[in-house]
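next comes the sequence, and after it the predicted model I'd like to discuss.
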Amino acid sequence: MEPNIYQLALAALFGASFVAVSGFFMHFKALNLVLERGREKKDNNNNTEGREGDSPQHQSQSLSRRRSQVRRKGLSPASLPDATPFTAATDGGGGGDAGRTNGHVCVDEIPPGLPRLHTPSEGRSSVHGTNSIRKTGSFVRPISPKSPVASASAFESMGESDDDDNLTDTAGLDASYLQTNGDLPADATEEQISMAASSMIRSHSVSGDLHGVQPDPIAADILRKEPEQETFVRLNVPLEVPTSDEVEAYKCLQECLELRKRYVFQETVAPWEKEVISDPSTPKPNLEPFAHYPQGKSDHHFEMLDGVVHVFPNKDVKEELFPVADATAFFTDLHHVLKVIAAGNMRTLCHRRLVLLEQVRVLKFNLHLMLNADKEFLAQKSAPHRDFYNVRKVDTHVHHSACMNQKHLLRFIKSKLRKEPDEVVIFRDGTYLTLKEVFESLDLTGYDLNVDLLDVHADKSTFHRFDKFNLKYNPCGQSRLREIFLKQDNLIQGRFLGEITKQVFSDLEASKYQMAEYRISIYGRKMSEWDQLASWIVNNDLYSENVVWLIQLPRLYNIYKDMGIVTSFQNILDNIFIPLFEATVDPDSHPQLHVFLKQVVGFDLVDDESKPERRPTKHMPTPAQWTNAFNPAFSYYVYYCYANLYVLNKLRESKGMTTITLRPHSGEAGDIDHLAATFLTCHSIAHGINLRKSPVLQYLYYLAQVCRDSLLIGLAMSPLSNNSLFLDYHRNPFPVFFLRGLNVSLSTDDPLQIHLTKEPLVEEYSIAASVWKLSSCDLCEIARNSVYQSGFSHALKSHWIGKDYYKRGPDGNDIHKTNVPHIRVEFRDTIWKEEMQQVYLGKAVISDEVVP
Ligand SMILES: [Zn+2]
């Protein structure tokens with residue numbers, strides 16, 4: 001029965017993915033050949049079984065001829081989703097062999113005329129020889145000739161599918177995946193898809209008879225306790241040989257990937273080489289996170305030259321220690337990338353190929369779900385203790401000043417008004433005011449306050465209005481309340497904000513499995529900002545095992561210039577980076593900053609990306625020359641922050657200190673060159689929704705994700721936040737990016753403005769799961785991504801997602817920690833490796849380690 005089944009599913013998906021796209025006739029050909037060869041292989045298997053010495057070669061040829069006759073009669077591409085031709089095809093070819101087949105849809109042979117381009121599972125899926133038959137059986141069930149189920153046709157299976165509700169449900173889920181991603185052809189009904197899916201899953205589950213009896217399929221799966229990664233169904237769809245033009249296009253992509261490798265900071269010695277974790281039990285809590293022991297000053301000498309700090313071994317040596325690409329080189333490379341992603345010829349060359357790869361990848365993922373969803377679910381069920389609630393998930397993108405929800409802030413304000421009415425909290429219009437007086441001046445009492453009056457939630461008025469969204473940070477529309485409750489550099493030295501932050505921390509700790517990376521501002525208006533922030537952190541004892549910090553720099557040069565706070569862009573760079581170098585060279589000079597920096601894992605750039613800006617040229621004025629009234633372009637900010645952080649990190653690494661990765665907001669709105677600049681320089685980005693507008697750049701973000709050689713790039717996406725600001729929820733590319741295999745995580749951005757419940761991160765997952773019909777496996781995979789993207793320590797990551805987490809593919813997955821089945825991880829890894837080989841024309845060198 002097998003040919004029926006996989007043809008049906010392939011056909012449904014085939015129709016889904018390809019029928020509508022008229023330009024894919026070539027691919028039709030390839031897939032038809034695959035179908036045909038797959039069926040031949042079945043027949044080969046069946047015919048050779050029991051007489052292994054026979055040469056299958058000539059049989060396959062004659063069968064092939066028969067098959068193509070049948071196809072010519074009954075099977076034209078336009079009629080693919082129609083079930084009737086399949087009956088004809090099976091009747092013509094399946095014959096008496098049908099009784100021997102099972103869930104094997106491993107179509108790994110190459111159709112005539114198409115050379116083998118990628119063979120990741122070679123050896124494991126070979127069909128020749130005794131040995132290989134056994135191997136095939138190890139991930140495709142052994143064939144049971146007696147099996148009564150196996151002799152049933154696909155249509156009988158469909159007839160029976162009502163019997164088993166859970167299987168039908170799974171199939172429905174798969175069908176909804178297809179719908180969500182818009183890949184259903186107009187003429188394929190949901191019924192057809194789900195019937196195909198359920199029959200495939202069904203046949204697959206039922207085939208597991210090891211002891212001559214027919215056990216309950218699900219129980220059999222659980223009882224068998226086979227390593228589940230060996231029992232999933234693979235599908236290799238061969239790709240075409242690239243033409244010489246396409247080879248040129250691939251070389252352009254290779255160049256871009258190599259550029260990224262050259263730019264992005266990477267530690268010379270990986271954390272797992274420095275610190276081997278033999279006991280992955282809970283790491284001991286840091287009992288004195290803010291202890292500072294004087295450690296003396298190193299000889300390093302540094303100077304700010306043309307906007308970038310240069311470090312020398314000492315005052316007298318003129319040879320710099322950690323050279324970084326200069327601005328001209330960066331803007332030249334940026335223009336090169338922009339040319340690649342925008343050039344007409346690149347688009348023509350690359351577009352078709354990318355769309356094809358994309359379609360195949362989507363097809364493979366949907367097929368993977370159809371064939372393996374039940375296996376994934378079973379694997380999850382059999383992982384003791386673990387489920388979505390107790391896998392670690394990190395909120396990878398959340399602004400500290402909006403980290404509490406509105407109800408929490410309201411309760412806090414009310415309690416302060418009740419308990420500390422006479423605290424002098426602000427200096428306004430020449431007088432000091434107590435908290436009570438502030439509320440009197442606003443004509444408000446504690447009783448009046450409610451969430452609606454607080455008015456911090458995003459609403460219709462904020463869509464496409466970043467300015468209005470920002471005003472929502474003012475409780476009751478009053479900037480003085482923002483200053484009192486949400487600022488750390490106010491008259492009460494941020495005591496209230498410190499207290500509410502501690503409450504948020506203890507909520508997180510109570511949830512145990514939720515972590516957050518809070519983004520807190522440094523503005524670059526004065527050098528003392530760093531020490532002020534660090535002392536606020538230390539004095540309020542703001543430390544939690546569940547929390548690390550990112551620094552966010554609002555891109556507001558033009559405002560400060562207008563206000564006369566700075567004279568050139570160089571002032572801002574000095575204010576941001578000089579204290580960091582001072583604290584690194586001589587920790588005793590800024591002891592609080594030094595201990596705080598141990599908790600700072602990333603650096604962010606924030607502001608409205610949709611503001612119009614001039615595209616930077618290759619030769620930009622230096623930061624000291626930037627004295628005009630205009631804000632520099634996004635990529636200008638990116639370069640100078642990147643270059644200084646790169647040098648800083650090199651210096652810190654050489655002194656055995658922690659490093660700080662660049663993880664800016666990018667691609668939330670605005671020009672596509674934001675995403676090109678961050679592709680070259682950044683560890684990961686927040687948002688990235690504009691990648692939907694550039695297939696080439698999106699493909700680069702896909703490729704540059706996992707390998708130590710190509711460096712992980714993560715997307716911390718916040719669809720609910722986008723829904724309030726820039727993009728309706730139902731148009732968010734998150735589900736498509738996830739399906740395509742980009743390294744995406746879910747994050748909250750601004751719980752104060754957006755979320756309603758006490759657990760904003762779970763709320764974010766919950767809404768995504770409902771709207772996009774994500775399975776438990778999907779949610780756990782996203783949670784696992786979030787740990788990878790985060791800046792938590794090697795010891796914590798080992799504890800949270802497994803001690804081998806830094807290994808690529810299934811070797812790095814521990815289902816007992818992540819609740820992600822190996823087959824999901826292996827599937828992602830296989831597809832990614834295939835595409836890397838495609839782009840590198842079979843010469844990609846892929847490391848076994850990822851960069852977390
Ligand atoms: Zn944000």
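The structure has been received and is ready for your questions.

where do the domain boundaries of this protein fall?
Annotated domains of the chain cover 2-241+353-382, 262-323+386-839 [automatic domain parsing].

what lies in contact with stretch 288-299?
The contact list for stretch 288-299, computed with Cβ atoms under 8 Å, 6 or more residues apart in numbering, reads 313-314, 538, 541, 543, 585-589, 591-592, 594-595, 598-599, 655. Quick note: C-beta positions are derived from backbone N, CA and C, even for glycine.

can you flag the buried ones in those residues?
538, 543, 585, 587, 591-592, 594-595, 599 (16 or more other Cβ atoms under 10 Å).

tell me which two of those sit farthest apart.
543 and 585 (24.9 Å; Cβ to Cβ).

returning to what we had before: which of the buried ones among the contacts of stretch 288-299 sits closest to residue 480?
Nearest to residue 480 out of the buried ones among the contacts of stretch 288-299 is residue 538 (Cβ to Cβ; 26.8 Å).

quick one, what contacts the closest one?
Counted by Cβ under 8 Å, 6+ apart, residue 538 has contacts 290, 592, 595-596.

closest to residue 276 out of those residues?
residue 595 (25.8 Å).

quick check: that closest one touching residue 534?
Yes: if you go by Cβ atoms under 8 Å, residue 595 and residue 534 touch, sitting 7.5 Å apart.

if we can go back for a sec, in helices, which of the buried ones among the contacts of stretch 288-299 appear?
538, 585, 591-592, 594-595 (DSSP state H).

okay, residue 796: pLDDT?
pLDDT for residue 796: 90.

not counting its neighbours along the chain, what's nearest it?
Counting by Cβ to Cβ, 6 or more residues apart in numbering, residue 283 is the residue found nearest to residue 796 once chain neighbours are left out, at 6.2 Å.

ok, that neighbour - contacts?
So residue 283 contacts 793, 795-796, 799 (Cβ under 8 Å, 6+ apart).

closest to residue 552 out of those?
residue 793 (21.3 Å).

tell me how far that closest one lies from residue 424.
41 Å (Cβ to Cβ, to the nearest Å).

more neighbours: these two, which one.
residue 793 (17 against 13; other Cβ atoms under 10 Å).

what about the more buried one, distance to residue 548?
9 Å.

tell me the SS of residue 791?
Of the three states, residue 791 takes coil according to DSSP: H, G, I helix; E, B strand; the rest coil.

now it. Nearest residue, chain neighbours left out?
Here the residue nearest residue 791, using Cβ to Cβ, 6+ apart, is residue 601, at 2.6 Å.

state the helix or strand in which that neighbour lies.
Using DSSP states H and E, residue 601 falls within strand 600-606.

neighbouring strands for that strand, and are they parallel or not?
strand 547-554 (parallel), strand 661-662 (parallel) (DSSP bridges).

for residue 420, which of those is the nearest?
Of the strands paired with strand 600-606, the one closest to residue 420 (Cβ to Cβ) turns out to be strand 547-554, at 25.8 Å.

which residues sit against that closest one?
399-400, 505, 508, 515-524, 537, 576, 596, 599-607, 637, 641, 660, 663, 790-792.

related to what we said a few turns ago, which parts of the helix or strand that the strand holding residue 601 is followed by are buried?
Per DSSP H and E, strand 600-606 leads on to helix 634-654 as the next helix or strand towards the C-terminus. For helix 634-654, a neighbour-count test (16+ other Cβ under 10 Å) marks 634-653 as buried.

elements contacting helix 634-654?
Judged by 3 or more Cβ pairs under 8 Å, 6 or more residues apart in numbering; DSSP states H and E, the packing partners of helix 634-654 are strand 308-312, helix 327-342, helix 569-585, strand 600-606, strand 661-662, helix 673-681.

how many neighbours does the nearest residue to residue 693 once chain neighbours are set aside have?
Among residues not flanking residue 693 along the chain, residue 672 sits closest, at 6.2 Å (Cβ to Cβ, 6+ apart). Neighbour count of residue 672, defined by other Cβ under 10 Å: 17.

touching, residue 672 and residue 696? I think so.
No: judged on Cβ under 8 Å, residue 672 makes no contact with residue 696 at a distance of 9.8 Å.

what touches both of those two?
residue 341.

name the residues of stretch 378-386 that are buried.
So for stretch 378-386, counting by 16+ other Cβ under 10 Å, buried means 378-380, 383, 386.

revised request: answer the last question for stretch 387-407.
Quick answer for stretch 387-407 (16+ other Cβ under 10 Å): 388, 391-406.

repeat for stretch 457-464
Within stretch 457-464, the residues that count as buried by 16+ other Cβ under 10 Å are 457-458, 462.

rebuild the residues you listed as a markdown table, extending it with distance to residue 472, secondary structure and pLDDT.
Shown next, in a markdown table, are the buried residues of stretch 457-464 (distance: Cβ to Cβ, whole Å; DSSP: H, G, I helix; E, B strand; the rest coil; pLDDT from 0 to 100):
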| residue | distance to residue 472 | secondary structure | pLDDT |
| --- | --- | --- | --- |
| 457 | 7 | coil | 79 |
| 458 | 6 | coil | 76 |
| 462 | 7 | helix | 76 |
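
ok, and what's touching the strand holding residue 601?
Contacts of strand 600-606 (Cβ under 8 Å, 6+ apart): 399, 517, 519, 521, 548-555, 634, 637-638, 641, 645, 658, 660-666, 683, 686, 790-792.

hey, C-alpha coordinates of stretch 639-657 in PDB?
Extracted in PDB, the C-alpha atoms of stretch 639-657 (Å, rounded to 0.1, in the frame of the first residue of the first chain):
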ATOM      1  CA  TYR A 639      29.400  50.200  12.500                       C
ATOM      2  CA  TYR A 640      30.700  52.400  15.400                       C
ATOM      3  CA  CYS A 641      29.100  50.300  18.100                       C
ATOM      4  CA  TYR A 642      30.200  47.100  16.400                       C
ATOM      5  CA  ALA A 643      33.800  48.300  16.000                       C
ATOM      6  CA  ASN A 644      34.200  49.500  19.500                       C
ATOM      7  CA  LEU A 645      32.500  46.500  21.000                       C
ATOM      8  CA  TYR A 646      34.700  44.200  18.900                       C
ATOM      9  CA  VAL A 647      37.900  45.800  20.300                       C
ATOM     10  CA  LEU A 648      36.400  45.900  23.800                       C
ATOM     11  CA  ASN A 649      35.500  42.200  23.600                       C
ATOM     12  CA  LYS A 650      39.000  41.200  22.300                       C
ATOM     13  CA  LEU A 651      40.500  43.100  25.200                       C
ATOM     14  CA  ARG A 652      38.100  41.700  27.800                       C
ATOM     15  CA  GLU A 653      38.600  38.100  26.500                       C
ATOM     16  CA  SER A 654      42.400  38.600  26.700                       C
ATOM     17  CA  LYS A 655      41.900  39.500  30.400                       C
ATOM     18  CA  GLY A 656      39.600  36.500  31.100                       C
ATOM     19  CA  MET A 657      36.500  38.700  31.400                       C
END
